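K.L.:
give me a 3D structure for the following:
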Amino acid sequence: PAALESCDGLDNDCDGLTDNNALDQVPFYIDADGDGFGGVGSLPIYACNQPNGAAPVDGDCDDADDTRNPGATEVC
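P.N.:
A predicted model of the protein is given here:
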């Protein structure tokens, strides 16, 4: 019961939940347009695995347009 939870698919602390409050969770960001970048200023969601509708990086200047993001090619 005193064990720390980690992202390993096991219930390390015997509380009936798997990977809850794991110390090695990583941040993900809401990605409304699905372009792989979360919106600027979106608060991180910490999880062991990438949630649906989230991206591992933020910085999207327009999270309503999947053609506008930090990885897009600049066009006139």
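
K.L.:
and residue 68, how far from residue 10?
P.N.:
Distance, residue 68 to residue 10, by C-beta to C-beta, to the nearest Å: 41 Å. The C-beta positions use only the backbone N, C-alpha and C, and glycine is treated the same way.

K.L.:
so how far is stretch 63-76 from its chain's centroid?
P.N.:
Remark: stretch 63-76 is offset 20 Å from the chain centroid, using C-alpha atoms, centre = their mean, to the nearest Å.

K.L.:
what does it contact?
P.N.:
With C-beta atoms under 8 Å, 6 or more residues apart in numbering as the test, stretch 63-76 has contacts from 30-40, 42, 59-62.

K.L.:
name the member of the residues you listed with the most neighbours.
P.N.:
residue 60 (28 neighbours; other C-beta atoms under 10 Å).

K.L.:
residues in contact with the residue nearest to the spatial centre of the chain?
P.N.:
The centroid of the chain falls nearest to residue 28 when counting by C-alpha atoms, centre = their mean (1.5 Å). Residue 28 makes contacts with 38, 44, 45, 46, 47, 50, 51, 54, 55, 56, as judged by C-beta under 8 Å, 6+ apart.
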